[in-house]
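Enquirer: Fold the following and give me the result.
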Amino acid sequence: MAKKTTGGNDSYKRLTDSINNGRVGSLYIFHGDERYLLEHSLGAIRSSICPDGLSGFNYRRFEGKGVSADDIDDAVNTLPVFAERTLVEVHDFDVFNNADKQQRPEDKLRLIELLSDLPDYVCVVFIYDITPYKPDGRLKADKEILSKAHVVEFVLQEENLLVKWIARRFKDAGKLIGTSDCEYLIHITGGYMSPLQGEIGKIAAYAKDERVSRADIDAVVTPVLDAAAYKLTDALMRNESDTAMRILDELLRMREAPQKIIYSITSKMCRFLAARVCIENGLGIGSLTEMCGIKYEFQARMLMSTARKATLAGCRAAVLRCAETAFALNTAPEPEARLTELMAKLSYVLR
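Expert: Residues are numbered from 1 along each chain as shown. All right, here's what the predicted structure looks like:
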């Protein structure tokens, strides 16, 4: 399933608006995969409420399952010192406690009562990192918590915002980068901002010219598995079997699990089949993105471009060969050999 982007994330927009306007609320629940945006938002709240830093009396931080309702109660009811508000951060504590069978029901009810009537001088933020965020919307207690809190899911930035952000980071490093190369960098890194920030620093330090090139990116960035699988399947679709074998060999040398590799290859071949179906029926990129849940339009354009070089029958046969290999890997004594055999089969059916 494709990862969501901030394009439809109203909760994140409302959060940034409230912070920018100096109207930080009383109760937040933060969760989601885009840790860069989460940490950035948390930093903005810290700066707003604790402008003198986090070492004073007006900042409390708690970690893990050992946190009790008493701990949170004490922190909430401690008046600020020489400041208007206090900030209470609770990391990896499941406020819903639905998986903790040892949690007493009265403790959860007490926590709900506390969070339902927070003093104006306090801001409480629950941050889900390692702990899964899994409220149960059927439970009255969980509904009560959700109704009181501003829940923000931090997800991938939408394409145009992420491209602009990357260009700004390169500009800060004294480099320029084109839109297509920004898109390529997003593609091979997975689009998350924390790893992107690190890769931008490496590329900027490596690039000799003012303008970053595709060669600069390829020289220092190791593609994530999904991007490597796309490069592999793209090579097969272009009848470049030697390139595909080289990429597979690199993945195996990097100790990627064969089961993960075949999953990614099969997923990409299914997308190529979907792209070919769209081409056969005169459908455009919008249909492909909706059909496959593709998060970025430029990825759909790449798929459509490559799919034009194959036949519908070839794409169907490729998906079937992938499915057969995936099934065989469950019992195969030498899974790496099965993957190598798959490369030969795909090269044949896609000719």
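Enquirer: where along the stretch 151-300 of the chain do the helices fall?
Expert: 159-172, 179-189, 193-206, 214-220, 225-237, 241-253, 258-280, 285-292, 297-307 (DSSP state H, counting those that start in this stretch).
Enquirer: so can I have TSV of these showing mean neighbour count and distance to residue 17?
Expert: In short, each C-beta sits where N, CA and C put it, glycine included. Below are these laid out as TSV (neighbours: other CB atoms under 10 Å; distance: least, CB to CB, whole Å):
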stretch	mean neighbour count	distance to residue 17
helix 159-172	17	15
helix 179-189	19	26
helix 193-206	17	20
helix 214-220	15	34
helix 225-237	22	33
helix 241-253	17	43
helix 258-280	20	36
helix 285-292	16	28
helix 297-307	20	26
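Enquirer: of all those helices, which lies closest to residue 73?
Expert: Residue 73 sits nearest to helix 193-206 of all the helices of the stretch 151-300 of the chain, at 33.8 Å, using CB to CB.
Enquirer: Can you name every helix or strand that the closest one contacts?
Expert: When contacts are defined as 3 or more CB pairs under 8 Å, 6 or more residues apart in numbering; DSSP states H and E, helix 193-206 packs onto helix 35-49, helix 159-172, helix 179-189, helix 214-220.
Enquirer: okay, the helices of the stretch 151-300 of the chain in a markdown table with distance to residue 42 and mean pLDDT next?
Expert: Shown next, in a markdown table, are those (distance: least, CB to CB, whole Å; pLDDT from 0 to 100):
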| stretch | distance to residue 42 | mean pLDDT |
| --- | --- | --- |
| helix 159-172 | 18 | 96 |
| helix 179-189 | 23 | 96 |
| helix 193-206 | 14 | 96 |
| helix 214-220 | 30 | 96 |
| helix 225-237 | 28 | 95 |
| helix 241-253 | 35 | 95 |
| helix 258-280 | 32 | 96 |
| helix 285-292 | 32 | 94 |
| helix 297-307 | 30 | 94 |
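Enquirer: Just put those helices in JSON lines and tack on distance to residue 55.
Expert: Formatted as JSON lines, the helices of the stretch 151-300 of the chain follow (distance: least, CB to CB, whole Å):
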{"stretch": "helix 159-172", "distance to residue 55": "29"}
{"stretch": "helix 179-189", "distance to residue 55": "35"}
{"stretch": "helix 193-206", "distance to residue 55": "25"}
{"stretch": "helix 214-220", "distance to residue 55": "38"}
{"stretch": "helix 225-237", "distance to residue 55": "41"}
{"stretch": "helix 241-253", "distance to residue 55": "46"}
{"stretch": "helix 258-280", "distance to residue 55": "44"}
{"stretch": "helix 285-292", "distance to residue 55": "48"}
{"stretch": "helix 297-307", "distance to residue 55": "45"}
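Enquirer: Minimum distance to residue 340: which of those has it?
Expert: Across the helices of the stretch 151-300 of the chain, residue 340 has its closest neighbour in helix 241-253 (7.1 Å, CB to CB).
Enquirer: got the angle for the closest one vs helix 225-237?
Expert: If you take axes from the mean of the first three to the mean of the last three CA atoms, to 10 degrees, helix 241-253 sits at 160 degrees to helix 225-237.
Enquirer: shift numbering so it begins at 757
Expert: Yep, numbering from 757; the last one is helix 997-1009 now.
Enquirer: which residues sit against helix 997-1009?
Expert: Contact with helix 997-1009 is made by 981, 984, 987-989, 991-992, 1014, 1017, 1092, 1095-1096, 1099-1100, 1102-1103, as judged by CB atoms under 8 Å, 6 or more residues apart in numbering.
Enquirer: related to what we said a few turns ago, format the helices and strands packed on helix 949-962 as CSV; extra columns: distance to residue 1033.
Expert: Below are the helices and strands packed on helix 949-962 laid out as CSV (distance: least, CB to CB, whole Å):
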stretch, distance to residue 1033
helix 791-805, 35
helix 915-928, 24
helix 935-945, 22
helix 970-976, 30
